[in-house]
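1. dropping the sequence and predicted coords here.
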Amino acid sequence: MTRSSIALAVLLAVLALLPLVGGAYALRLGTIACMYAVFALSWNIVGGFLGYPSFATAAFFGFGAYATGVLMTLGVPLPLALVATLITCLLAASVLGAVLLRLRGHYFAIASLSLVEVLREVVNNATDLTGGGMGLNIPLASNSSVLGDALFFFYAMWIVLALTAAMVIAVSASKLGFGLACIRQNETAANMVGLNTTLYKSIAFGLSACFVGVAGGIYAAWVHYIDPSDVFDILYSVKPIVMALIGGLGSPLGVVCGALVYLGLEEVVWRNYIQIHSGLLGLLVVLLLLFLPHGLVSLRTRLFRRKAGHA
Amino acid sequence: MLAAQVLVNAAVLGCLYACIAIGFSLVWGVLNVINLIHGSLIVLGAYLAWGLYQWIGVLPWYVLVVAAPLFFAIGYLLQRLLLNKVITAPVLVTLTLTFGLDLILNNAMIYFFKADYRKLTLVPSLGSISLGGVVVPVDRVIATAFALVLTGLLYLLLRRSRVGRAVVAVRLDHDAAVLMGVDVKSIYAIAFGLGAALAGCAGVLMALIFPISPLTSSAYLGKAFVVCVLGGLGSVSGALVGGLALALVEGVGAVVVGPSYATTLSFLLLIVFLIVRPQGLLGRKGFE
Amino acid sequence: MPEILSLAGVSRHFSGLQALRDVSLGIAGGEIVGLIGPNGAGKTTLVNTVCGVTPASAGTVTFAGRDITRLKPYQAARLGLARTFQIVQPFAEFSALDNVATAALFSQPGQSLKAARENAREHLAFVGLDGQADQPASTLTLAMRKRLELAKALAMKPKLLFLDEVNAGLNSAEVEKATALIRQLAAGGITIVMIEHLMKVVLNVCTRIVVLHNGELIADGAPRDVVRNPAVIDAYLGQQYAQRHGAHG
């Protein structure tokens, strides 16, 4: 384990102690913090390690929310529904990744963006199963008190975060992580030294999807009601990018810190300005990109270079 | 009869799609930037037409005269003041920046105009033309005609004018253009301005036909993108071919699988095209 | 020696442009073949076609008794086909060591990262880059990057190695060094096909020369014979060279 992996583990352990000090509000915030950190860590696999600009987070999230939601309305218990969501998400995204990640740059970005629109449309149309635009009511997962419920979902989300972090740390230390870094730097050369780039990209896409899907499932059970425009909200795709830009692309510890800072901003600055919420997010994006050269410097030297490093 | 109606609808819609896409294609081709604010600029143009008609009864096609310079100025300034600072940065940065700008503009429109769908209804209505059983509303015909005129104007501008030739030069070979003394920065700003002007004008025309709401911006953006991919990036004729192809596929698709799967259908088309024929139907690079 | 690589009627076209026309060619194990021809003759396309980057439009490619016509680049690489690129293709952020380690890691199944790195050290030493092992590839000079390419190719334990203009842009001392390395590799049992513009190097090193012109094979044989071939002089070497060569030989 590297030093930053240990720091990440410590950070997560501290987060797990939250219920000792906070009430229902703190737990709600903690649950969202865990969810955002899952987004950021997952996005970082494709966006940071692999260097492909993905806008697919909302697609995975919405898919997971509906998969779990539909299974639960069919009477499947929550844990089982989540496991099923994890597996489906992993497989479906791996297959999709093999196709979509043949595209590069702008093309991949837009394809991943339209994936969100497509899934929303499909869910909207599959009225029998999903309730369409009317949304889906999801049975209660537990019968405990309000606080007990909050505690349950906080730890559920925290466990997903811990699993995601473990997966990301394992990937970055493995042959897979090494291969993803190769592809990011020079895909042609990677192919030429015997690296099966399609397979690696496909696995990366699958891994970046599965825990976001599970987080979506927990979210659905937590809020009891989902509808397509809520869970397939494109903002879910943008937020992890902003978090990564805040915390520094590529570093798992960095993006988790970015997620926490972002959540802080979201809560403190514009909790009271719900009507211009997305506009303020846009402003944050613009300001970050224009005036935070630190994030950009590391980005420019390490990611998606337009020209390979000629002397 | 159905076939003829589908074909005529596709032809009309295809020209409008081309008009939506052409500015987007210009910016993408010349600046290598996917301009995600394009859809919201179209909607803003539609609001302009709607507002002027509601307030003082100006007919939409006259609004074009105001919209073109206004949106050109908006685009020119956006590029000069903001986008230019990150123009050499990686794809993720330019893409995310225009996304941020889009969030701001779209949210502002929702704030001021609300998300409800509005309709610009001309009084008296222009009615429709019927030819051998094929029916086309007159407002659509007018919008299509203006869409073609705008497209033609851009073509002439790029082909004949000095500035147009410089834009094309930057598009075809950036480094050579620099060596020939073209001021690339101002060409970038002009291209972005032109892209915005075309978006605004397209929006004015759309107001004649489609309901107006900030929520429609992503649909416009999606169409622009698909048209560029189908027709090949960065040529006026490519945009026309791409627009017609998309409209035809949508029209036939609506009959075969139903209109509620339009996005899914164009997405599939997009992926197939990107993988099988990434250079587009015409397979040419550059503006005329 | 049996043939290690054979091309039978291989053609490749790019939307209208015929880059390779019915090329048939057999290369025996242990040969050092010089692949020459004017710019645009199809030399790099030939390499790309064998390696699976631009698969043949017609014909078959057989490598070590296996049909590899339709294999992907990474599959060909794992069978023991390695190449260097005319324009060097390093993993710019990685250290020189890790660059070579990637080749060992991904070309042979079951390699661990640790073993690959140890492996890489040997190959770096072989090309004389052991002093730069921990430097990022982006900081190396062009000559060093060319040698890094070579070390990467060697780490794949190739049976056959394509060298695409390894000497282009090097000064004469560096060319000497590179030539010595190539001889050493061949002595170690690796079959070599080199695209090369410096005739001095070709004549010095190669046991056989193959000439491509407009995508067609126009000559194939011993170096002394090929450089006297009128068709080759016409297409590539030029009259001046023939005269000079005649005066010397």
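-> Nice, I can see it. Residues are numbered from 1 along each chain as shown, chains lettered A, B, ... in the order given.

2. for stretch C:194-205, the averaged confidence score.
-> In this model, stretch C:194-205 has an average pLDDT of 89.

3. what does it contact?
-> Contact with stretch C:194-205 is made by C:32-36, C:43-44, C:47, C:86, C:162-168, C:175, C:179, C:182-183, C:206, C:209, C:223, C:227, C:237, C:241, as judged by C-beta atoms under 8 Å, 6 or more residues apart in numbering or on different chains. All C-beta atoms are positioned from the backbone trio N, CA, C, and that covers glycine.

4. so for whatever residue of the stretch 101-250 of chain B ends up closest to chain C, what's the pLDDT?
-> Taking C-beta to the nearest C-beta, chain C has its nearest neighbour within the stretch 101-250 of chain B at B:Gly232, 13.4 Å off. As predicted, B:Gly232 sits at a pLDDT of 78.

5. that one reaches B:Gly238, doesn't it?
-> Yes - between B:Gly232 and B:Gly238 there is a contact at 4.2 Å, judged by C-beta atoms under 8 Å.

6. the more surrounded of these two?
-> Neighbour count, other C-beta atoms under 10 Å in any protein chain shown: between B:Gly232 and B:Gly238, B:Gly238 has more, with 30 against 25.

7. correct me, but that one touches B:Ser25?
-> Yes - between B:Gly238 and B:Ser25 there is a contact at 7.3 Å, judged by C-beta under 8 Å.

8. need the residues touching each of the two.
-> Residues touching both B:Gly238 and B:Ser25 (C-beta under 8 Å, 6+ apart): B:Cys228, B:Gly231.

9. touching chain A at all, the least confident helix or strand in chain B by mean pLDDT?
-> Within chain B, confidence by mean pLDDT, DSSP states H and E is lowest for helix B:262-276 among all helices and strands, at a mean of 81. Yes - using C-beta under 8 Å from any C-beta of the partner chain, helix B:262-276 reaches chain A at B:Ala262, B:Thr263, B:Thr264, B:Phe267, B:Leu270, B:Ile271, B:Leu274, B:Ile275.

10. centre of the chain versus the helix or strand harbouring A:Met167, how much separation?
-> A:Met167 is part of helix A:146-172 when elements are defined by DSSP states H and E. Centroid separation between helix A:146-172 and its chain, computed with C-alpha atoms, centre = their mean, to the nearest Å, is 13 Å.

11. list the residues that contact B:Asp116.
-> Neighbours of B:Asp116 in contact, by C-beta under 8 Å, 6+ apart: B:Ser213.

12. in what helix or strand does B:Val136 lie?
-> Assessed by DSSP H and E, B:Val136 sits inside strand B:134-137.

13. sheet-wise, list the partners of that strand with their directions.
-> Here strand B:134-137 is paired, per DSSP bridges, with strand B:128-131 (antiparallel).

14. thinking C:Ala101 is in contact with C:Ala120, fair?
-> Yes - contact status for C:Ala101 versus C:Ala120: in contact at 4.2 Å, counting by C-beta under 8 Å.

15. more crowded one of those two?
-> C:Ala101 (29 against 26).

16. quick one: residues contacting the spatially closest residue to A:Glu187 that is not a sequence neighbour.
-> Distances taken as C-beta to C-beta, 6 or more residues apart in numbering or on different chains put A:Thr197 closest to A:Glu187, at 6.0 Å, once the chain neighbours are dropped. By C-beta under 8 Å, 6+ apart, the contact set of A:Thr197 is A:Ile183, A:Glu187, A:Ala190, A:Asn191, C:Tyr74.

17. out of those, the closest to chain B would be?
-> The shortest approach to chain B among the contacts of A:Thr197 belongs to A:Glu187, at 14.4 Å (C-beta to the nearest C-beta).

18. now a ChimeraX select for only the buried ones of the residues of helix B:262-276 next to chain A.
-> Selection of buried members from the residues of helix B:262-276 next to chain A for ChimeraX, criterion 16 or more other C-beta atoms under 10 Å in any protein chain shown:
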select /B:262,263,264,267,270,271,274
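
19. can I get the residues of helix B:262-276 next to chain A in CSV including distance to A:Tyr219?
-> Shown next, in CSV, are these (distance: C-beta to C-beta, whole Å):
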residue, distance to A:Tyr219
B:Ala262, 28
B:Thr263, 24
B:Thr264, 24
B:Phe267, 25
B:Leu270, 29
B:Ile271, 28
B:Leu274, 32
B:Ile275, 33
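
20. of the residues of helix B:262-276 next to chain A, closest to A:Gly217?
-> Of all the residues of helix B:262-276 next to chain A, A:Gly217 sits closest to B:Thr264, with 23.3 Å by C-beta to C-beta.

21. can you give me the neighbour number for the closest residue to that closest one other than its chain neighbours?
-> Leaving out its chain neighbours, the residue that sits closest to B:Thr264 by C-beta to C-beta, 6+ apart is A:Val118, at 4.9 Å. If you count neighbours by other C-beta under 10 Å, A:Val118 ends up with 21.

22. how much space separates A:Val118 from chain C?
-> 29 Å (C-beta to the nearest C-beta, to the nearest Å).

23. list the contacts of that residue.
-> A:Val118 makes contacts with A:Ala59, B:Thr263, B:Thr264, B:Phe267, as judged by C-beta under 8 Å, 6+ apart.
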